[in-house]
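Visitor: the following block contains a protein sequence and its predicted model.
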Amino acid sequence: LDIEMPNQSGLDILEYFPNQIDFKIIFVTAYNQYAIEAFKLSAVDYLLKPVDTNELKEAVAKAEEAIKAQDLNDQLNNLRDSLKQLSIDKIALEIPKGIMFASHNDIVYFEADSMYTNVQLIDGKQKIICKPLKHFVEQLERNAMFFKCHRSYLINLKYVDELVKDDGDYLLMNNQKRIPISKSKRDQFLEVIKETFM
């Protein structure tokens with residue numbers, strides 16, 4: 001793009017593109033006083049006349065690289081957006097051979113095991129995850145279906161069958177697993193139950 005042209009300067013080109021541009025600009029001019037302004041417009045390069053062929057080739061190659069980088073960046077942003085949508089209903093579990101995506105509805109409970117976490121799934125399978133329970137508590141803190149009933153357990157309330165007040169309080173899950181509930185958490189649990197069901 002030339003800078004000094006009849007009626008209008010090449011520096012005004014972006015006024016015709018109110019939305020984000022999908023091309024790269026290389027300015028060509030006989031005047032070097034426009035260089036700073038050109039780079040403020042994110043020009044890829046600024047060539048002085050007479051144009052050197054090698055400099056022009058380098059400028060075009062630079063523009064091609066910038067476009068490829070932008071395409072890759074757009075792809076990464078699209079992937080991020082897709083994964084954010086996925087995370088509304090799913091959670092990523094880092095299993096030994098990769099990453100498993102499990103629906104929140106497929107998880108019965110998380111159980112702390114030192115620096116690991118055992119994840120009990122609705123199909124009866126259990127996965128050992130190389131993350132502490134705290135990781136999942138933080139990740140699911142805004143999901144009202146998950147409740148930390150004990151320092152070692154994060155449960156899915158959907159699968160609680162009964163609160164048993166016998167031989168120490170515990171929650172009976174639908175797979176018959178007995179999960180302890182601490183006194184402070186029991187009071188909190190009962191409060192939520194009253195608000196919701198009574």
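Guide: Yep, it's here.

Visitor: show me where the chain has its helices.
Guide: Applying DSSP state H to the chain gives helices spanning 35-40, 53-87, 133-139, 183-197.

Visitor: by mean pLDDT, flag the weakest helix or strand of this structure.
Guide: None of the helices or strands of the chain scores lower by mean pLDDT, DSSP states H and E than helix 35-40, at a mean of 71.

Visitor: could you find the closest non-adjacent residue to Lys148?
Guide: Leu154 (5.0 Å; Cβ to Cβ, 6 or more residues apart in numbering). Every C-beta, even on glycine, is put in place using the N, C-alpha and C of the backbone.

Visitor: any idea how far Gln75 is from that neighbour?
Guide: The gap separating Leu154 from Gln75 is 34 Å, by Cβ to Cβ, to the nearest Å.

Visitor: likewise for Glu58?
Guide: Glu58 is 26 Å from Gln75, by Cβ to Cβ.

Visitor: do the same with His150
Guide: 43 Å.

Visitor: repeat that for Met173.
Guide: 42 Å.

Visitor: how about Glu4?
Guide: 38 Å.

Visitor: could you do Gln20 as well?
Guide: With Cβ to Cβ as the criterion, Gln20 and Gln75 are 16 Å apart.

Visitor: who has more neighbours, the two?
Guide: Gln75 (10 against 5; other Cβ atoms under 10 Å).

Visitor: show me this structure divided up by domain.
Guide: By the assignment in automatic domain parsing, the chain contains the domains 10-87, 106-197.

Visitor: which intervals of the chain have sub-threshold pLDDT?
Guide: Applying pLDDT under 70 to the chain picks out residues 36, 39-40, 79-88, 196-198.

Visitor: 80 - rerun?
Guide: For the chain, the stretches flagged by pLDDT under 80 are 1, 13-14, 18-22, 31-42, 71-88, 166-168, 192-198.

Visitor: what's Leu47 in contact with, if anything?
Guide: 26-29, 55-56, 59 (Cβ atoms under 8 Å, 6 or more residues apart in numbering).

Visitor: how about a markdown table for the residues you listed, with distance to His135 and neighbour count added?
Guide: Formatted as a markdown table, the contacts of Leu47 follow (distance: Cβ to Cβ, whole Å; neighbours: other Cβ atoms under 10 Å):
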| residue | distance to His135 | neighbour count |
| --- | --- | --- |
| Ile26 | 48 | 18 |
| Phe27 | 50 | 23 |
| Val28 | 55 | 16 |
| Thr29 | 56 | 22 |
| Glu55 | 53 | 13 |
| Leu56 | 53 | 14 |
| Ala59 | 48 | 21 |
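
Visitor: and of those residues, the nearest to Lys158?
Guide: Ile26 (59.2 Å; Cβ to Cβ).
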